[in-house]
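Peer 1: I'll drop the sequence and a predicted model, then ask my questions.
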Amino acid sequence: MFDQLLAQKAGKNLSNLREKKPLIHNITNYVVMNYTANALLACGASPVMAHASEEVVEMVSFAGALVLNIGTLTPYWIDSMLRAGKRANELNVPIILDPVGSGATKLRTDSAKKLIDELSISVVRGNASEVLSLAHEGSRTKGVDSVHSVDDAADSALILAKELETTLAITGEVDLITDGERIYRVFNGHELMGFVTGTGCTASVIIGAFLAIDRDPVEATTTALAYFGLAGERAAKTAQAPGSFQVAMLDALYTIDEKQMKEGAKIQSQ
Amino acid sequence: MFDQLLAQKAGKNLSNLREKKPLIHNITNYVVMNYTANALLACGASPVMAHASEEVVEMVSFAGALVLNIGTLTPYWIDSMLRAGKRANELNVPIILDPVGSGATKLRTDSAKKLIDELSISVVRGNASEVLSLAHEGSRTKGVDSVHSVDDAADSALILAKELETTLAITGEVDLITDGERIYRVFNGHELMGFVTGTGCTASVIIGAFLAIDRDPVEATTTALAYFGLAGERAAKTAQAPGSFQVAMLDALYTIDEKQMKEGAKIQSQ
Amino acid sequence: MFDQLLAQKAGKNLSNLREKKPLIHNITNYVVMNYTANALLACGASPVMAHASEEVVEMVSFAGALVLNIGTLTPYWIDSMLRAGKRANELNVPIILDPVGSGATKLRTDSAKKLIDELSISVVRGNASEVLSLAHEGSRTKGVDSVHSVDDAADSALILAKELETTLAITGEVDLITDGERIYRVFNGHELMGFVTGTGCTASVIIGAFLAIDRDPVEATTTALAYFGLAGERAAKTAQAPGSFQVAMLDALYTIDEKQMKEGAKIQSQ
């Protein structure tokens, strides 16, 4: 039922990550900075948070991936994201964008679209309404309000990924990953993840870490989300409430090994 | 000894909160953003942190309550609080103010007073010195330096609540809640709460969540503080030091049910 | 083998800290604000985070120590650090600087050097590359690239401490503390500390707390690092992965008593 080759790759990516310990440059929101830095350390990567316009161009040059997250954005931060992103593009450092709250306010929607327009972004991860809010006027997607099922979301995501020329990851009970051609689904995860703030943001930094290892954006994202979801499943075995669950997630990110990853991944190809 | 009707209402408010999952808009300090977001999720609400002047007016229009917290204030943030607050007042979205450090520096005292002057605020929560620092010149309150007992604080709070036309919550070993007419005391809580940063700020966001459910500011605040204090008591049963206690608090906020709340509330009316 | 007098002083400093509960003023990075505030509370101090240029001069006047940390710096924050630092110097409030990432970007290196040039700083704590990046042109130190061993680092640190007229603490598997004359080494610690974000930043705030108690910068720093490392050792007895370890560190900071500190300190004088 589940894709064995990708499960194997998930395990391999994890081992490579821990060996190479790539630096992940984050320009992200205040709420999740601590937790996402800890998640990156737990999975074997090396996090740096730097947002000053005076240094982001220099900092991103050391990075294996750049994570842009608009969760507590102001125009200053968006400007720094653009500067860092342009340099990342020049250096072929992959970028992942987390368009937190896009669709909710004009500032967020406009900022997310601007980042996508001006940068070449490898992966965009969000929930269905965030991702689908990124469609330009005239898009052939149906729009958030018309998405009533996972299948609707898949159809829209396929079209939108082609239009935006990027890989889209719509995370939820089932995660959907597509570049407009291939489409994968990840069934790992646990409902308690929804009771911890920044779970989505953390998924995004894990994707960033995997992108630094695996330059196929679709497979890097898919394997990263299987790993992150598996950590949730394992955390739920020892923790039944969100405080201890949040702690157990970090523990699981640290302890899952290649074999467990390979056996635990629940990835479905189209 | 304890008020049974309010204990019952505490349980009801908690159940309603979990059912309605109101969005709570926070403009708050960097230190507690993560923990208060997690506390809101654990109790059943839906947190958003947004401070950009370009978006706060739009964001607050989706909210069930607005929490303003000056813990790491700068003039930019105060301006955003004023913008969001004015819109909240227009839309009848209740506002809770946490005047962190008011009385300690001129910037904090002036900012807190400005927010109270220019906005209609439902509840102000702080410790005794923060709350009593809000008195205008010419206030009939005795001032912080003259408050030597809980009874002194109660007298001053009653006067000040009338003068400021708001509900005041002075939290401490015993919490005191008054709108200048009614006065309630909450005896729930545990001393380890004082060893976790942002405990007061977290009490404020829980009050915000209850305000979104219960439009009587005095009863919303009183029941929220009983719930928050009960979570502390339950956390202390499994955790004897602040690290694990902080985690257990989130677990307790998530697991306390309506019946436990009703039986555990220690609320005293005047 | 280990210095018994300093071990005894470590225990005494800890007890004094818990008795006096000094206010520690932090101008620090977003990532670690919550954790370092909790660490300060756990060890018995009273943290305040305040960075607004309008209030730092006033706030630092209440403080027992000032902690400057450039982890997520912008020019605005550096300016506030200078304002607070100048007032701290006037009032004889000790300053500790954590030059996070100095050597990695020009903004960080320049900012750290500017703080050292314009302020009288009691202690600088960082890893070897951060600390050695602070050497002026023409320094007699060999530079980071020539440091291949702990002994190399010790030689460079001795020279640099004299040149900068401060106490340097280079933390790592073994911590090295010197004012250019005396040199101490601390062998406490655990490898899991490297998997928690802001461990170094937290060491710095603990040093700040000890500086508020013990005005000998070398001994305050040495005893603080022994205490912090001992907390890591004790945490590792109950926690084997970074999420639970981070929590157990806070618990250990809270529970270690004077006797345990005295018996557990692993301090070596030259």
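Peer 2: Thanks, I have it. The shown structure was predicted, so the numbers you read here are calculated from the model rather than taken from an experiment.
Peer 1: just the strands in chain A please.
Peer 2: Remark: strands assigned in chain A by DSSP state E are A:23-27, A:46-49, A:65-69, A:95-98, A:123-126, A:167-170, A:175-178, A:183-186, A:267-269.
Peer 1: what's in contact with the first one?
Peer 2: This points to strand A:23-27. By CB atoms under 8 Å, 6 or more residues apart in numbering or on different chains, the residues outside strand A:23-27 that reach it are A:33, A:36-37, A:40, A:45-51, A:56, A:59-60, A:62-69, A:77, A:80-81, A:84, A:205, A:208-209, A:212. In short, each C-beta sits where N, CA and C put it, glycine included.
Peer 1: Now the buried members of these.
Peer 2: A:33, A:36-37, A:40, A:45-51, A:56, A:59-60, A:63-69, A:77, A:80-81, A:84, A:205, A:208-209, A:212 (16 or more other CB atoms under 10 Å in any protein chain shown).
Peer 1: least trustworthy helix or strand in chain A by mean pLDDT?
Peer 2: helix A:150-164 (a mean of 89; mean pLDDT, DSSP states H and E).
Peer 1: Buried by neighbour count: which residues of that helix qualify?
Peer 2: Neighbour-count burial for helix A:150-164 [16+ other CB under 10 Å]: A:152-154, A:156-161, A:163-164.
Peer 1: Now tabulate the residues you listed in a markdown table and tack on distance to residue C:114.
Peer 2: Shown next, in a markdown table, are these (distance: CB to CB, whole Å):
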| residue | distance to residue C:114 |
| --- | --- |
| A:152 | 56 |
| A:153 | 51 |
| A:154 | 54 |
| A:156 | 51 |
| A:157 | 49 |
| A:158 | 53 |
| A:159 | 52 |
| A:160 | 47 |
| A:161 | 47 |
| A:163 | 48 |
| A:164 | 43 |
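Peer 1: Among these, which one sits closest to chain B?
Peer 2: For these, the minimum distance to chain B (CB to the nearest CB) is 20.9 Å, reached by residue A:153.
Peer 1: Chain A: helices as residue ranges?
Peer 2: A:4-20, A:33-43, A:56-60, A:75-91, A:106-118, A:128-132, A:150-164, A:199-211, A:217-238, A:242-255, A:258-264 (DSSP state H).
Peer 1: which of those helices sits most buried?
Peer 2: Comparing these by mean neighbour count (mean count of other CB atoms under 10 Å in any protein chain shown), helix A:199-211 ranks first with a mean of 29.
Peer 1: Please list the residues of the stretch 151-270 of chain A that sit near chain C.
Peer 2: A:246-252, A:254-255 (CB under 8 Å from any CB of the partner chain).
Peer 1: Where does the prediction get shaky in the stretch 1-150 of chain A?
Peer 2: Within the stretch 1-150 of chain A, the stretches with pLDDT under 70 are A:142-150.
Peer 1: can you list the residues of it near chain C?
Peer 2: So the stretch 1-150 of chain A meets chain C at A:30, A:33-34, A:37-38, A:41-42, A:47-52, A:54-55, A:58-59, A:62 (CB under 8 Å from any CB).
Peer 1: Identify the residues contacting the closest residue to residue A:31 other than its chain neighbours.
Peer 2: In space, not counting the residues next to it along the chain, residue A:31 is nearest to residue B:33; the distance is 4.6 Å by CB to CB, 6 or more residues apart in numbering or on different chains. With contact taken as CB under 8 Å, 6+ apart, residue B:33 is in contact with A:30-31, A:72, B:26, B:49.
Peer 1: and which of those residues is nearest chain C?
Peer 2: Nearest to chain C among those, with distances taken as CB to the nearest CB, is residue A:30, at 5.4 Å.
Peer 1: thinking again about what came up before, next, format the buried residues of helix A:150-164 as a markdown table and append distance to chain B.
Peer 2: Below are the buried residues of helix A:150-164 laid out as a markdown table (distance: CB to the nearest CB, whole Å):
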| residue | distance to chain B |
| --- | --- |
| A:152 | 23 |
| A:153 | 21 |
| A:154 | 26 |
| A:156 | 23 |
| A:157 | 24 |
| A:158 | 30 |
| A:159 | 28 |
| A:160 | 24 |
| A:161 | 27 |
| A:163 | 26 |
| A:164 | 23 |
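Peer 1: In chain A, which residue sits nearest chain B?
Peer 2: residue A:243 (2.9 Å).
Peer 1: can you pull the contacts of that residue?
Peer 2: Residue A:243 touches B:38, B:42, B:246-251, B:254, counting by CB under 8 Å, 6+ apart.
Peer 1: can you check residue A:235 too?
Peer 2: A:190, A:192, A:245, A:248-249, A:251-252.
Peer 1: ok, it to residue A:196 distance?
Peer 2: 10 Å (CB to CB, to the nearest Å).
Peer 1: Between those two, which contacts overlap?
Peer 2: Joint contacts of residue A:235 and residue A:196 (CB under 8 Å, 6+ apart) are A:245, A:249.
Peer 1: Find the residue closest to the closest residue to chain C within the stretch 101-250 of chain A in space, skipping its chain neighbours.
Peer 2: In the stretch 101-250 of chain A, the residue that lies nearest chain C is residue A:250 (2.9 Å; CB to the nearest CB). Spatial nearest neighbour of residue A:250, chain neighbours left out: residue C:243 (2.9 Å); criterion: CB to CB, 6+ apart.
Peer 1: what does the model give the one you found for pLDDT?
Peer 2: Per-residue pLDDT puts residue C:243 at 98.
Peer 1: what's the answer for the one 3 residues further on, then?
Peer 2: In this model, residue C:246 is scored at 98, pLDDT.
Peer 1: Residue A:259 and chain C: what is the separation?
Peer 2: Relative to chain C, residue A:259 is positioned 17 Å away (CB to the nearest CB, to the nearest Å).
Peer 1: Was I right to think residue A:182 contacts residue A:267?
Peer 2: No: using CB atoms under 8 Å, residue A:182 is not in contact with residue A:267; the gap is 11.7 Å.
Peer 1: So for the two, which residue has more residues nearby?
Peer 2: Neighbours were tallied for residue A:182 and for residue A:267 using other CB atoms under 10 Å in any protein chain shown; the higher tally belongs to residue A:267 (25 against 16).
Peer 1: residue contacts, the more buried one?
Peer 2: Contacts of residue A:267 (CB under 8 Å, 6+ apart): A:2-3, A:6-7, A:10, A:184-187, A:222-223, A:226.
Peer 1: and the stretch 51-200 of chain A, which of its residues are near chain B?
Peer 2: By the rule CB under 8 Å from any CB, the part of the stretch 51-200 of chain A lying against chain B is A:71-75, A:101, A:104-108, A:194-198.
Peer 1: Since that was my last question, I'll sign off now.
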